[in-house]
Every structure is written in C-alpha cells, then in structure tokens.
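Colleague: What follows is a predicted protein model with its sequence.
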Amino acid sequence: MKNSESMRVGVVVERRRLHNPWQEYSWRPVEVVPGLVPAADWQILCETDDLGRYLAGEKLVARRPNIADKFLKWSRHPHRITEAGILATVVNAVLTVWLLLEIPYVIMDPGHVDGVAVAASAAALITFFSMPLMVIGIFTLRGHHWGPWAGLVLSSVNFLISLLGMFNIVELFGNLYDATPVLRGVMFGLTSTLVGGELLYFAVACLASEKRRKSQRVVTSASTPWNG
C-alpha cells in the first residue's frame, strides 16, 4: 500500500479590486477542478479592471498520516487540556489522602525508620506538590492558560522526586520500608507511573493550549473592523 497519492488539479483564483487605500486587490481561490490542467500556468479565464479569474495548475499530494502525525493531531485537541486538569485533580487528591493517612501511621508505628522525619517528608510533599498540583488541575479545568504550563513545571519536579524515592535516594513513604522489595517496587512504580502520566498530559495540554490561543488570535484579528 502506497503512503501517498498525487494528482493534478486546476485552481481558479479570483482577483477583485478593493476600495481600500492600503490594498488595491484581494486574491482568493474560489474553485478546485480535479484533473483539469491549464494549457498555460495562470491561464486567463476572464479579466476586467475590477475582476479577474485565472486558472492555475497545481499538484495535490495526499499522504497517509503516520504515527507521529496522529499523535500530533491528538495532542493538539482542546480535550487534552480538560483531560490534563481531570487527571491532575484526581491523582493529586488520591496522593494527598494517601500521604495524610501515612503521617499518623509512621509516627505511631515507625518500624525501622524515623517516623518524625518520614512524616515531615510526607507533609512537605503535600504542601509543595500534591495540593498545589491539585489546585493547578482545577484552574486548568476552568480554562486558565497558565495552568498547563505551571503543571508541567511542578509535575516535572514531582516526577523526579518520585524516581529518587524509587531508587532509595530520598526517603518517601516510610511505612513501605518494612514491606517486601517486590511490594515496595510495585508501589513506587505505580506512583511514578501516575506522576509521569500527569507530566505527559500537562506537556500535551501545553501544546493544545498554545494552538487554541493562536486560533483565538486569528479569529480576533479577522473580526476587527479595519480588516473588513
């Protein structure tokens, strides 16, 4: 199966005089005729002082979208912004509850870890990451442009800390230190996956947000009275 198809088409282009001190004519395509190739490029169909129509020959190429094209189209859809907000709100609400439940657990039954230190690290994660990211998720859902960008920065740092906890470089979720290595690996892997998914979604939401802003600027510019 071929990845692309091509054909020659004739494009009818219209030139219309404008009553505008800064622009004499406007040019716009008005019709596409498949398979019609002009005898000469820009063949004159009709021409007066105020109106002219010309036939131009063009080669139209249609390419089958690859995986990168499909991902780019998916990533720029406005729904990605909403999904990023929902994911950030839900994930960080769950992590906040988990960390809040962990604090009294490690203080009352610290096991082989310093319960106060682990509780302090859990409180720091809630204060600097889980709660702010949950709030950012809510603002992203409400359509604030800065939401995806703030979420991208903060979730990047949060993902890095999750990876450091997975490799025991920092001490997180202290009550898991009494668990088996397999259980600890599963829990840290699950946490890193959730936080990593949140990071990816915020990055995609940034692309969608920028595309929406550009579209809004184009619409606003086209609707100004001096553009007629």
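Modeller: Yep, it's here.

Colleague: Can you give the domain ranges for the chain?
Modeller: Domain ranges of the chain: 4-64, 70-214, per automatic domain parsing.

Colleague: buried set for whichever strand or helix holds Arg8?
Modeller: Using DSSP states H and E, Arg8 sits in strand 4-17. Buried residues in strand 4-17, counted by 16 or more other CB atoms under 10 Å: 10-15. Heads up, the C-betas are built off the backbone N, CA and C, glycines and all.

Colleague: before we move on, what about stretch 70-79?
Modeller: Ser75.

Colleague: tell me how far that stretch is from the chain's mean position?
Modeller: In this view, stretch 70-79 has its centroid 7 Å away from the chain centroid, taken as CA atoms, centre = their mean, to the nearest Å.

Colleague: measure that stretch end to end?
Modeller: End-to-end distance for stretch 70-79: 15 Å, by CA to CA, to the nearest Å.

Colleague: Would you mind confirming that Ile44 makes contact with Tyr54?
Modeller: Yes: in terms of CB atoms under 8 Å, Ile44 counts as a neighbour of Tyr54; the distance is 5.9 Å.

Colleague: Looking only at neighbour counts, state which of these two leads.
Modeller: More crowded of Ile44 and Tyr54, by other CB atoms under 10 Å: Tyr54, with 18 against 11.

Colleague: Hmm, Ala203 and Leu152 touching each other?
Modeller: Yes: using CB under 8 Å, Leu152 is in contact with Ala203, at 5.6 Å.
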